[in-house]
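**Student:** sequence first, then the predicted structure:
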Amino acid sequence: AQKITQTQPGMFVQEKEAVTLDCTYDTSDQSYGLFWYKQPSSGEMIFLIYQGSYDEQNATEGRYSLNFQKARKSANLVISASQLGDSAMYFCAMREGRDKLVFGAGTILRVKS
Amino acid sequence: GAGVSQSPRYKVAKRGQDVALRCDPISGHVSLFWYQQALGQGPEFLTYFQNEAQLDKSGLPSDRFFAERPEGSVSTLKIQRTQQEDSAVYLCASSLRPRGGAAKGKLFFGSGTQLSVL
């Protein structure tokens, strides 16, 4: 069974600063995929970024980057130049098998002006 | 439509009542997923369809939960004899490709149905 751990229930960041959201995972699979999703108050889950276990470079998508440390089994999300609209719930997830995603408990991010 | 649509947005049910939750995926999307999200938790997988075939229902918590997608587009999640522990947000997601499409995380989620069982 796979497991995702997000140890930060909540985080604050000042507008325009960078913030790191932690995620560690546990799996015995050699091939796996890691994801980050954003869930604003509207409830919709929004895909942010993907990292494959065999990808040599850390994934980046605009202001989002994934700090992938395979030996430590961590996949932290870095958001640069935080904006007020980044305030939301953030979930780390891992692909299990070929279909389903297993999610962590999430981290609430609040951006302060 | 432009995105995944779920209805109703909110549902209040009395304990023991049957409920039906609807999901309209993005047109042409082959894969459809249902997730259950309890308050303050991450979503948990319930079931998966590829077109009309239900390929994985391992996450359904009991035989009171039933999902269908008869024509490979709209899906309905039905919960019989609802109990208080069924209170949660039920999320639907779709993906263009069959198995493997989800590997790239390209799941498009709806806003969910918030079910409250009194």
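**Tutor:** Arrived safely, thanks for sending.

**Student:** let me see the contact set for the residue nearest the centre of chain B.
**Tutor:** Geometric centre of chain B, nearest residue: residue B:34, 2.9 Å, by CA atoms, centre = their mean. Neighbouring residues of residue B:34 by CB atoms under 8 Å, 6 or more residues apart in numbering or on different chains: B:23, B:45, B:46, B:47, B:48, B:67, B:75, B:77, B:90, B:91, B:92. Just so you know, the C-beta spots here come from the backbone N, C-alpha and C atoms, and that holds for glycine as well.

**Student:** the third one and residue A:4, how far apart?
**Tutor:** Translated: residue B:46. Distance, residue B:46 to residue A:4, by CB to CB, to the nearest Å: 17 Å.

**Student:** quick one on the thing from earlier: need the nearest residue in space to the residue nearest to the centre of chain B, chain neighbours excluded.
**Tutor:** residue B:46 (4.2 Å; CB to CB, 6 or more residues apart in numbering or on different chains).

**Student:** just to revisit the earlier point, any idea which of the contacts of residue B:34 is closest to chain A?
**Tutor:** residue B:45 (4.2 Å; CB to the nearest CB).

**Student:** enumerate every residue touching that closest one.
**Tutor:** Contacts for residue B:45 (CB under 8 Å, 6+ apart) come out as A:96, A:100, A:101, A:102, B:33, B:34, B:35, B:58, B:59.

**Student:** hmm, which helix or strand of chain A has the shakiest average pLDDT?
**Tutor:** Least confident element among the helices and strands of chain A, by mean pLDDT, DSSP states H and E: strand A:100-103 (a mean of 88).

**Student:** so which elements touch that one?
**Tutor:** strand A:3-5, strand A:88-96, strand B:44-50 (3 or more CB pairs under 8 Å, 6 or more residues apart in numbering or on different chains; DSSP states H and E).
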